[in-house]
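Colleague: I would like to see how this sequence folds:
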Amino acid sequence: MSFVNKLKERWKVQNATQVWLILLVFALTGFSVMFLKRIFRSWPIHEAWWFDLAYYILILPIYNLLLLIYGAIFGQARYFWEFEKRFFARIVSLFGGNK
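Modeller: Here you go, the predicted structure:
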C-alpha cells in the first residue's frame, strides 16, 4: 500500500488528489510561517527577549489561521476546519478543560 493510500485512510478523504492538496496546504502554511519569521527577524527590535516570546505565542494562532485560509483556497476547508476543532480540543483537554 502506498503512503498516499495510507494517508487517505488515516485522514478519511475520498481520493489521492485530496491527500496531495492537504499536503500542499501544510507545506504552504509552513513556508509562510518561515517567511513571516524571516520578516520579523529583520526588525531592529528582534534582539529583545520579549520579541521571541511574543513570536512563539502569536505564531500558533497565525499558523492555524493560515491553515484555514490555504485550506479554503484549495477546496479543503471542511477537512481543515475539522482538523482545527480536533487540535483545539486536544489543547483544551491538555490544560484540564474536561474535568
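Colleague: every contact and neighbour count from this point should use C-alpha atoms.
Modeller: OK.
Colleague: got the CA coordinates for stretch 88-95 in CSV?
Modeller: Presented in CSV, the C-alpha positions along stretch 88-95 are these (Å, rounded to 0.1, in the frame of the first residue of the first chain):
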residue,chain,number,x,y,z
PHE,A,88,-8.0,22.9,19.9
ALA,A,89,-10.0,20.1,21.7
ARG,A,90,-6.7,18.4,22.5
ILE,A,91,-5.2,21.7,23.7
VAL,A,92,-8.2,22.4,26.0
SER,A,93,-8.0,18.8,27.4
LEU,A,94,-4.3,19.2,27.9
PHE,A,95,-4.9,22.1,30.2
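Colleague: what mean pLDDT does that stretch get?
Modeller: Averaged across stretch 88-95, pLDDT comes to 86.
Colleague: now it, how far from the chain's geometric center?
Modeller: Computed by Cα atoms, centre = their mean, to the nearest Å, the chain-centroid distance of stretch 88-95 equals 16 Å.
Colleague: now do the helices in the chain.
Modeller: Along the chain, the segments classed as helices by DSSP state H run 3-11, 16-41, 49-73, 77-94.
Colleague: I'd like these as CSV, with mean neighbour count appended.
Modeller: Shown next, in CSV, are these (neighbours: other Cα atoms under 10 Å):
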stretch, mean neighbour count
helix 3-11, 13
helix 16-41, 15
helix 49-73, 15
helix 77-94, 14
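Colleague: gap between the residue of the chain most remote from its centre and residue 51?
Modeller: Most distant residue from the mean C-alpha position of the chain: residue 44, 27.7 Å away (Cα atoms, centre = their mean). Taking Cα to Cα, to the nearest Å as the measure, residue 44 falls 10 Å from residue 51.
Colleague: and residue 59, by the same measure?
Modeller: From residue 59 to residue 51 the distance is 12 Å (Cα to Cα).
Colleague: do the same with residue 4
Modeller: Taken as Cα to Cα, the span from residue 4 to residue 51 is 40 Å.
Colleague: same thing with residue 61?
Modeller: 16 Å.
Colleague: could you do residue 30 as well?
Modeller: To residue 51, residue 30 is 20 Å away according to Cα to Cα.
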